[in-house]
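J.: quick one, what's the 3D model for this:
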Amino acid sequence: MYIYEYPSQSGLEPNTPRRGNSMKSFFKKYFWEMTTGRLTRNDYWSAVLGAVLYGIIGGWVLGVFSETWNWSDEAIVVAMITLLTPIYWMGVVVQVKRTRDLGISGWWYLPTCIPYAGLVYGVIIGLLPTNYFARKGKEISTVVTA
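T.: Below is the predicted model of the structure:
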């Protein structure tokens, strides 16, 4: 009988609390390293929740400022584009890493660009379990025989 131990994303032992995550590692994980890495379900839903909260709070702040300062329509559009560009990029990176975690190509994030169907697709890939055997030989750190 073989017992497989899988390495965790953070390099810590399973069920070990993460400590010392800095803003640098957050931005590195969710914004810059698109070509490497994977996202577990927990990390995926954390990123989705963060994006939703950012959108709600940012939209509310934008609405308050545009009413208070009597912004023109062009200024509101520029502010919205400035506000939403980082979230769009983070969404692409998160979707690519999550599809990679499922063992499929990162290009499978493209269906999320389809209105309404993309939302359903995003929920589905968020609910599917991690495919540990998609790591091409790197999935098993140790094999213990009993």
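J.: so what secondary structure elements neighbour the host helix or strand of residue 51?
T.: According to DSSP states H and E, residue 51 maps onto helix 41-68. Judged by 3 or more CB pairs under 8 Å, 6 or more residues apart in numbering; DSSP states H and E, the packing partners of helix 41-68 are helix 73-101, helix 117-127. The way it works is simple: take the backbone N, C-alpha and C, and place the C-beta from them, glycine included.
J.: and the angle from the longest one to helix 117-127?
T.: Going by axes from the mean of the first three to the mean of the last three CA atoms, to 10 degrees, helix 73-101 is angled at 40 degrees with respect to helix 117-127.
J.: mind listing what's buried in stretch 107-115?
T.: Within stretch 107-115, the residues that count as buried by 16 or more other CB atoms under 10 Å are 108-109, 111-112.
J.: below-threshold pLDDT in the chain: ranges please.
T.: Flagging of the chain using pLDDT under 70 yields the residue ranges 1-27, 30-35, 133-146.
J.: do that again at 50, thanks
T.: The model of the chain has pLDDT under 50 over residues 1-17, 137-146.
J.: quick check: which of the helices and strands packed on helix 41-68 is buried the most?
T.: Of all those, helix 73-101 carries the top mean neighbour count, a mean of 17, counting by mean count of other CB atoms under 10 Å.
J.: other SSEs contacting that helix?
T.: Using 3+ CB pairs under 8 Å, 6+ apart, helix 73-101 is in contact with helix 41-68, helix 117-127.
J.: in the longest one, which residues are buried?
T.: Same thing as helix 41-68. 41, 43-45, 47-48, 51, 58, 62, 66.
J.: now tabulate those residues in CSV and tack on distance to residue 80.
T.: CSV is the format used below for the buried residues of helix 41-68 (distance: CB to CB, whole Å):
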residue, distance to residue 80
41, 30
43, 27
44, 25
45, 25
47, 21
48, 20
51, 15
58, 9
62, 7
66, 10
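J.: which of those residues lies closest to residue 125?
T.: Nearest to residue 125, judged by CB to CB, of the buried residues of helix 41-68 is residue 44 at 7.8 Å.
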